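In: what follows is a protein structure lacking sequence information:
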């Protein structure tokens, strides 16, 4: 690199170097460019040198005049928008490095210069350099000294890759103190091992490799012979493919077939266990079947006296399917010896006498078989004498009634004998009698049987309601007194507050789920709803559901607009708030409406006033219920004796037995006060319970008020 005069002026240390190497570099550069030292430092000569700083100097001379040139040869960059980017600066550095590799640059001056007096020797060297003296020769390279090789180090034999073992670690031995060696002395190299030793090591390694390969092949052949003989022909190909990785190949093959063998072993063990358990179960079933057959035979042969019959029945009951087995025994004995069949049933435990079947009201077991036998005899002779003479009267009554159902008629003496037979019998045969009586329309006899203090189930209550209600149809509706239908069949009216349970009680009495619309929001019933009820052997009657007290106005629907999304307690509170805003006029209008209906309607026979049982636990009966009670008691229909007044407590299932008694007594006392003497009958009901509570009592009161009960 040729320096310009300005640089020499600003950096005097370049002109007067302190070291020979720097000065020699300057002289060598001048000689390479064919310039004398004097000519090199002129402005015209410097322009002919290919220096990377010259183009930048020509483009921005002002920057070069103000600031010195950096050692890298780059011009100072001005702080403006035309400054090179990061990528441009990187490219510039790359070019500088490439140029520096071709043209050596002068050594950078030391950061801190110490001025020393120049000696005569340095001045003479400078004069000779300017006179064209040759550059100083470079120092000769330093002679490299080879390090001595340790005599303990010997060439290591190459072991097979499959059997590389960790070499024992030698105990550390203290090395003797090494004598100082001169720099010019080179240690003699260790002698190479003899050719015989190398050949011996190679032969040993080859033998080991051959023996290892043979062992791997033998192991692979053994695995395939045991698990997959079809793969024996691929052993050599696999070994060639996995050369140097034979242990990995063997491990993979062994893992593959060992897993399959384990799964197969588990599957085979499970199959064997299942087969063994199946065989044992079959053996146990066969043995149980043999014991059951022996027990059945013992029952057929057992006598009446002693414990033979009891032991035989107990032996049958100890086996599975005892109920069915005893049923077969009873059927076999009844044809020839019905008394013995009766004895078998008596010895059978209660839990096994009757087994519930798949159909409603259908049963099996020895009790059902015995009842079927006596029913068959009663069916053969459908008379009252057959029932009275039978050892199983209720079963015989079922057979007699079954035969009489074809003619849809039953003599009074037969019906009376059936009712008497149900006084002391099991619930299953009693339900059968009730089913036949309800089909024949004998609702009076059904209610007589229901009044007995006997065990009852859901089927009992269902047959009782079916005996009373033969058919129901929805009749006309009316929103005013002028639009009421013409008087016809006797009418039974339901009165009470809204949401007291009038529609629920109507559905329970009629045996329907949703005939009368029900809702949690009070005031849904805003019209007179008539239901035509067909009672067997009677003209029937009309059940009338009227709007509730306090909400019996047409504007309730308008007031509830916007609250349709409310349900449950929130809806009831909203309706109560709406009703409370104008309850004074509503109650008066409702009472006048009810009073007019009670006085004008000549076909009215029964008034069922409904009261919430929970409200009767308060110190005083609610004012609305007392007002309704007073209205009904003062009506012409009740005072003249044309209609019967019945008080019905609803929602009794929400109270305890003690609270139910308190509610009945409170309502009875309030009614006695209003009537000034004997109070009407009070009936506790729970229409939503399953089965409904008090439904038969309500029917008795209704039928008695209609005159359909003697």
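Out: Now that the structure is in, tell me what you want to look at. These numbers were taken from a predicted model, which means no experiment stands behind them.

In: where does the stretch 451-600 of the chain have low pLDDT?
Out: For the stretch 451-600 of the chain, residues meeting the criterion pLDDT under 70 lie at 519-526, 549-589.

In: which stretches of it form strands?
Out: 471-478, 491-495, 528-534, 541-545 (DSSP state E, counting those that start in this stretch).

In: and those as TSV, adding distance to residue 348 and mean neighbour count?
Out: Any C-beta I mention is one placed from the backbone N, CA and C, and that applies to glycine too. Below are the strands of the stretch 451-600 of the chain laid out as TSV (distance: least, CB to CB, whole Å; neighbours: other CB atoms under 10 Å):
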stretch	distance to residue 348	mean neighbour count
strand 471-478	41	14
strand 491-495	47	25
strand 528-534	43	20
strand 541-545	46	23
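
In: need the ones you listed in TSV (columns: distance to residue 406).
Out: Formatted as TSV, the strands of the stretch 451-600 of the chain follow (distance: least, CB to CB, whole Å):
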stretch	distance to residue 406
strand 471-478	21
strand 491-495	34
strand 528-534	22
strand 541-545	29
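
In: among these, which is nearest residue 336?
Out: Judged by CB to CB, the one of these that comes nearest to residue 336 is strand 471-478, at 46.3 Å.

In: that closest one - contacts with which helices or strands?
Out: With contacts taken as 3 or more CB pairs under 8 Å, 6 or more residues apart in numbering; DSSP states H and E, strand 471-478 sits against strand 528-534.

In: now tell me what touches the strand it packs on from outside.
Out: Contact partners of strand 528-534, identified using CB atoms under 8 Å, 6 or more residues apart in numbering, comprise 469-479, 484-485, 489, 506, 510, 515-516, 540-547.

In: got it, and stretch 611-628?
Out: Contacts for stretch 611-628 (CB under 8 Å, 6+ apart): 495-497, 500-501, 549-550, 587, 591, 594, 609, 629, 647-652, 654-655, 659-660, 662-664, 666-667, 670, 674, 684.

In: selecting buried members of these in PyMOL, what would you type?
Out: In PyMOL syntax, the buried subset of those is picked out as below (16 or more other CB atoms under 10 Å):
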select buried, resi 495+496+497+500+501+549+550+587+591+594+609+629+647+648+649+650+651+652+655+660+663+664+666+667+670+674+684
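
In: so which of the contacts of stretch 611-628 belong to helices?
Out: 587, 591, 594, 629, 659-660, 662-664, 666-667, 670, 674 (DSSP state H).

In: with distance to residue 432 added, can I get these in TSV?
Out: Converted to TSV, the ones in helices among the contacts of stretch 611-628 look like this (distance: CB to CB, whole Å):
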residue	distance to residue 432
587	51
591	50
594	45
629	43
659	37
660	32
662	39
663	37
664	34
666	42
667	38
670	44
674	46
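
In: quick one: which of the residues you listed is nearest to residue 396?
Out: residue 660 (39.6 Å).

In: so how far is residue 688 from the closest one?
Out: Computed as CB to CB, to the nearest Å, the residue 660 to residue 688 distance reads 15 Å.

In: same check on residue 709?
Out: Separation of residue 709 from residue 688 (CB to CB): 27 Å.

In: more neighbours: which of these two?
Out: Neighbour totals were compared for residue 709 and residue 688, and residue 688 leads with 17 against 14 (other CB atoms under 10 Å).

In: which residues touch the more buried one?
Out: By CB under 8 Å, 6+ apart, residue 688 lies in contact with 504, 508, 651, 653.

In: for residue 299, same thing?
Out: 309, 312-313, 316, 326, 329, 344.

In: same thing but at 6 Å, please
Out: By CB atoms under 6 Å, 6 or more residues apart in numbering, the residues touching residue 299 are 312, 329.

In: could you check how far it is from residue 316?
Out: Separation of residue 299 from residue 316 (CB to CB): 6 Å.

In: could I get the contacts of residue 688 as a markdown table with distance to residue 289?
Out: Formatted as a markdown table, these follow (distance: CB to CB, whole Å):
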| residue | distance to residue 289 |
| --- | --- |
| 504 | 54 |
| 508 | 50 |
| 651 | 55 |
| 653 | 49 |
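
In: what's the closest of the residues you listed to residue 381?
Out: Looking across the contacts of residue 688 and measuring by CB to CB, the closest to residue 381 is residue 508, at 40.0 Å.

In: that closest one - nearest residue in space that isn't next to it in sequence?
Out: Take residue 508 and drop its neighbours on the chain: the residue closest to it by CB to CB, 6 or more residues apart in numbering is residue 687, 3.9 Å away.

In: got a pLDDT number for that neighbour?
Out: pLDDT for residue 687: 89.

In: repeat for residue 618
Out: 86.
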